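Asker: Structure for the following, please:
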Amino acid sequence: MKVLTIVADDKVGLLADISYILSKSRINIDSVNVDVVSGKAIITLSISDVIKGKTVLEASGYSVEGGEAVIVKMPDQPGELNRITAMLSKESINIENVHTLSKDGKSTVLSIRTDKPKRAATVLKAYLITRESTY
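Answerer: A predicted model of the protein is given here:
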């Protein structure tokens, strides 16, 4: 899954502005994760057209980074996140972003962005699902 990350000064209406820019360009937001740290908003988006999205957001003055995330499905029970993150750590794969896409009490679906997405996909092959899969 391709994702975009925007780092901007936090302000009222920031996400409203970004979502407006994307909707005006007919780009759908599939998932969003927002954190504010020390006055900076860190917004990670999975959108329907990352190339066009990156272009229109940068044209509007936003600093945008692109990346690849792997989507994994794991049992919803204690220790599973540790199992997955330890597997990545053992292979010297740095985790850059994690967010929950869905959770139903039986399983949890995560988007994980790393510094080595292809290697992460190989390491997490047993947990990997495709975007087309039902979460």
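Asker: contacts and neighbour counts: CA atoms only from here.
Answerer: OK.
Asker: Surely Gly66 is within a helix?
Answerer: No. Using DSSP: H, G, I helix; E, B strand; the rest coil, the assignment for Gly66 is strand, not a helix.
Asker: May I have the residues that are in contact with it?
Answerer: Residues near Gly66 by Cα atoms under 8 Å, 6 or more residues apart in numbering: Lys2, Val3, Leu4, Thr5, Val50, Lys54.
Asker: do the same with Ile129
Answerer: Ile71, Val72, Lys73.
Asker: let's see 10 Å
Answerer: Val70, Ile71, Val72, Lys73, Val109, Leu110, Ala121, Tyr135 (Cα atoms under 10 Å, 6 or more residues apart in numbering).
Asker: again, but for Gly61
Answerer: Ala8.
Asker: any idea how far it is from Ala16?
Answerer: 15 Å (Cα to Cα, to the nearest Å).
Asker: Kindly report the same for Ser38.
Answerer: In terms of Cα to Cα, Ser38 sits 20 Å off from Ala16.
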